[in-house]
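Novice: quick check, what structure comes out for this input:
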Amino acid sequence: MAESASSGQASAVPDVLGLDLDCVFCGINPGRVSAAAAAHFANPRNDFWRLLHDAGFTPRLYAPAEQFGLLELGLGLTNAAYRTTPGSGDLRRGDFDGARLAGLAQELRPRAIAFVGKEAYRGAFGERPALGPQARSLGDTALYVLPSTSPANAAVPYAERLRWFRALRVWLELEQREAVRAVLVDAGGRVLLLSWENSGGRWWITPGGGMLPGETEEAALHCELLEEAGLAEFEIGSLVFERTHVIPWGEHLVRQHERYYLVRVDSLAVEPTIDLAEESVTGHRWWTLDELDATDERIAPPQLAGLVRSL
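Specialist: Numbering: from 1, shown residues only. Model prediction:
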């Protein structure tokens, strides 16, 4: 039995989860038919399994009882709320556990969580989404919202729901992107971070960005630091960190490989040479190590404080 981390309430329908899945489909909660079958989307009038096959996620039509076979295809299943109800309208706010989903993302690292219905997403995060990719993410796990497959959503034609399932499948096909970034440190040991914001919140990120085809790391980093900080003359130091992570990027997910180089300056009055608002950058700040250690704000990469301390 699956169990909610916050409420301790067991679910009548087991989670279908594993490490590093391509996508975890998240329903709203178990209905009575699913609870009786101990299987997700078990109501024969629910179109989930048919949509999954018609969109190309499964090679044939799976029955709800075959749900654990999805793991071999890189897919998983869970619910935003564990309590069984006659209908989703019977759920209470306390039934939803967004922290459990965040823990799932951190521990199991799925590429994406796809919410089957807007109400599943709204219950978890307290905000009404549009269909499709979401600006919010759970760490490196991207979020997507599909139309509900419930028979209660019969007003939305099957063809329209299938269109969104097919769009999800395309979105999950990763594009590769190379990026270079600077750990820019001044004489006082402070590090420069840029404030990057979207509807999912704010992150503090190091200066840098994606590389153009054929562009060298040196050329890309000089261009980025001139545009984002007004820094024209500098020497690129040693490679100090490297990571690969998945990020939402327009209509696709991007697997971004980032290389971080140390750049030291005595001091710098930050004066961008382009309008960074078009890139969702809303400001900058020099951070001390103590401030990095103490902050509750989101820093990318999360290891930055330890990295700067080791330099």
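
Novice: where in the chain is pLDDT low?
Specialist: The chain contains residues with pLDDT under 70 at 1-9, 87-88, 198-201, 249-251.

Novice: one more time with 50, if that's ok
Specialist: Residues of the chain meeting the criterion pLDDT under 50: 1-8.

Novice: what is the neighbour count of residue 186?
Specialist: Here the neighbour count serves as a burial measure; for residue 186 (other C-beta atoms under 10 Å) it reads 14. C-beta here means a position set from N, CA and C on the backbone, and glycine is covered the same way.

Novice: ok, it touching residue 263?
Specialist: No. Under the criterion of C-beta atoms under 8 Å, residue 186 lies out of contact with residue 263, with a separation of 10.1 Å.

Novice: quick one: the strands in the stretch 51-200 of the chain?
Specialist: Chain-ordered strands for the stretch 51-200 of the chain, with DSSP state E, counting those that start in this stretch as the definition, fall at 75-79, 112-116, 132-138, 141-146, 175-185, 191-198.

Novice: wait, what's in contact with the closest residue to residue 95 other than its chain neighbours?
Specialist: If the residues on either side of it in the chain are set aside, residue 95 comes closest to residue 81, at 4.1 Å by C-beta to C-beta, 6 or more residues apart in numbering. With contacts taken as C-beta atoms under 8 Å, 6 or more residues apart in numbering, residue 81 has the following neighbours: 28-29, 91, 95-97, 123.

Novice: nearest to residue 233 among those residues?
Specialist: When the contacts of residue 81 are ranked by distance to residue 233 (C-beta to C-beta), residue 97 comes first, at 51.9 Å.

Novice: domain ranges for this structure?
Specialist: Domain assignment for the chain by automatic domain parsing gives 23-171, 175-310.

Novice: same list, the ones you listed, but as CSV with distance to residue 15 please.
Specialist: As requested, the domains of the chain are exported to CSV (distance: least, C-beta to C-beta, whole Å):
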stretch, distance to residue 15
domain 23-171, 5
domain 175-310, 22
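
Novice: out of those, deepest packed?
Specialist: Burial among the domains of the chain, expressed as mean neighbours by mean count of other C-beta atoms under 10 Å, is greatest for domain 23-171, which shows a mean of 18.

Novice: quote the end-to-end distance of it.
Specialist: Terminal residues of domain 23-171 are spaced 11 Å apart (C-alpha to C-alpha, to the nearest Å).

Novice: cool, stretch 253-273 as well?
Specialist: Using C-alpha to C-alpha, the span of stretch 253-273 from its first residue to its last is 29 Å.

Novice: which strand runs longest in the protein?
Specialist: As assigned by DSSP state E, the longest strand anywhere in the chain is strand 252-264.

Novice: who are the packing partners of that strand?
Specialist: Applying 3 or more C-beta pairs under 8 Å, 6 or more residues apart in numbering; DSSP states H and E, one finds that strand 252-264 contacts helix 158-171, strand 175-185, strand 208-210, helix 217-229, strand 239-249.

Novice: adding distance to residue 46, write those out as CSV.
Specialist: As requested, those are exported to CSV (distance: least, C-beta to C-beta, whole Å):
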stretch, distance to residue 46
helix 158-171, 11
strand 175-185, 32
strand 208-210, 41
helix 217-229, 48
strand 239-249, 28
